[in-house]
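**Student:** Need coordinates for the following:
(2 chains)
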Amino acid sequence: MTDKKIKILDCKSFDNEYLHKDFHGSLCYAIKYLDEVYGEQATEDYLKQVAKTYYAPLTERLKKKGLSALEKHWQKIFGIEGGKFSIEYKAQKLVLTVDKCPAIAHMKRKGLLFTQRYCQTTVVVNETICAEAGYCCSCKYEPGAGKCVQEFWKERD
Amino acid sequence: MISCTEFIPAYSELFKFLDKKGGKEAVVRFWENLSDEFLGNLRDLAAKKGLAGCFEYWSHTLTEEAADFRMVLDEKQNLFTIEMRQCPSKGRLLEIEHIKPYKYYCEHCDVLYRRVLEPLGFEYHVDLTNCRRAKCKVTVKKIHIS
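**Tutor:** Down below sits the predicted model:
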């Protein structure tokens, strides 16, 4: 390239790592939009749809392999996203402790935290996956704080 | 957490959800709102730096999305183009076997970016004839007003 008025950028997909954290902001905006235009029940219905469709394979793995399926899933996701977290088993429960949520941290840094209800994406998707697989879960968090404790356990027969 | 690496299928499911609620018009309204509220960085770059701002914006997003593309800024010809050889969004959706993409998924790129660029005096065109194979071409020109 000798003509400075021409710039070219040519990339193959393997040239870069797939990690566009601004998408957390896009999802956060979607939650705000659904809440405002259609109401909070619609937001919940949408997130249930995502859990039942896209996360169906994870639900199947949870049914077949138990809590280790979720453990592997979270190890993979947080390994990609970063943040500060720990995963352990306490009695019959899988406990995911998030000390610094990578999604919330990024959104705060970039001014993309459009709603404090962003964490409903975790709460509702977790609940739906677990319910479909015969498991229970809880999520203790302060909206927008970027920290939470998620617990998962098998439903008693 | 829905990982940012899992966002695209969640996005497609959102379009399906909105379409069920209020038809394609409801989806387009969301795209218009998203463009207005979320694309301030493209708006600022294009307003300040023209086509070079478009090059800068998409250099960042397309590399983070690991797209397969060729992007050309020709300031002499007043032309900016993106040849998307493998769209990271549509490509990923096509790879997911257990769900289908929203049927008008690719049209969101037309609505989102046209809405930002045309009010700033650009001509924006996206060729979606090959989007079923995750390919498309974007062409942006600055319109000179004499």
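
**Student:** low-confidence ranges in chain B?
**Tutor:** Low-confidence segments of chain B, defined by pLDDT under 70: B:144-146.

**Student:** What of chain A?
**Tutor:** For chain A, applying pLDDT under 70 flags the ranges A:1-4, A:157.

**Student:** tell me the helices in it, going along the chain?
**Tutor:** With helices called from DSSP state H, chain A shows them at A:22-38, A:40-53, A:56-65, A:67-81, A:102-110, A:120-133.

**Student:** and chain B, which of these is closest to it?
**Tutor:** Of all the helices of chain A, helix A:22-38 sits nearest to chain B, with 3.8 Å by Cβ to the nearest Cβ. C-beta here means a position set from N, CA and C on the backbone, and glycine is covered the same way.

**Student:** Export the closest one to CSV, keeping only CA atoms.
**Tutor:** Provided in CSV are the C-alpha atoms of helix A:22-38 (Å, rounded to 0.1, in the frame of the first residue of the first chain):
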residue,chain,number,x,y,z
ASP,A,22,-19.9,-4.7,23.9
PHE,A,23,-22.6,-7.4,23.2
HIS,A,24,-23.3,-7.4,26.9
GLY,A,25,-24.4,-3.8,26.4
SER,A,26,-26.6,-4.9,23.5
LEU,A,27,-28.3,-7.5,25.7
CYS,A,28,-28.6,-5.1,28.5
TYR,A,29,-30.3,-2.6,26.2
ALA,A,30,-32.7,-5.3,25.0
ILE,A,31,-33.7,-6.0,28.6
LYS,A,32,-34.4,-2.3,29.2
TYR,A,33,-36.4,-2.1,25.9
LEU,A,34,-38.5,-5.1,26.7
ASP,A,35,-39.2,-3.9,30.2
GLU,A,36,-40.3,-0.5,29.0
VAL,A,37,-42.2,-1.4,25.8
TYR,A,38,-43.7,-4.8,26.8
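
**Student:** quick one: the helix with the most length in chain B near chain A?
**Tutor:** Using DSSP H to define each element, chain B has its longest helix at helix B:7-38. Yes. Using Cβ under 8 Å from any Cβ of the partner chain, helix B:7-38 comes into contact with chain A via B:7-11, B:13-14, B:16-17, B:21, B:30, B:33-34, B:37-38.

**Student:** Determine which two of these are furthest apart.
**Tutor:** The distance between the two most remote of the residues of helix B:7-38 next to chain A (Cβ to Cβ) is 22.1 Å, for B:9 and B:37.

**Student:** Geometric centre of chain A: which residue is closest?
**Tutor:** residue A:122 (5.5 Å; Cα atoms, centre = their mean).

**Student:** Would you mind listing the buried residues in the next helix-or-strand element following the longest helix of chain B?
**Tutor:** Per DSSP states H and E, the first helix or strand lying C-terminal to helix B:7-38 is helix B:40-49. Going by neighbour count (16 or more other Cβ atoms under 10 Å in any protein chain shown), the buried part of helix B:40-49 is B:41, B:42, B:43, B:45, B:46.
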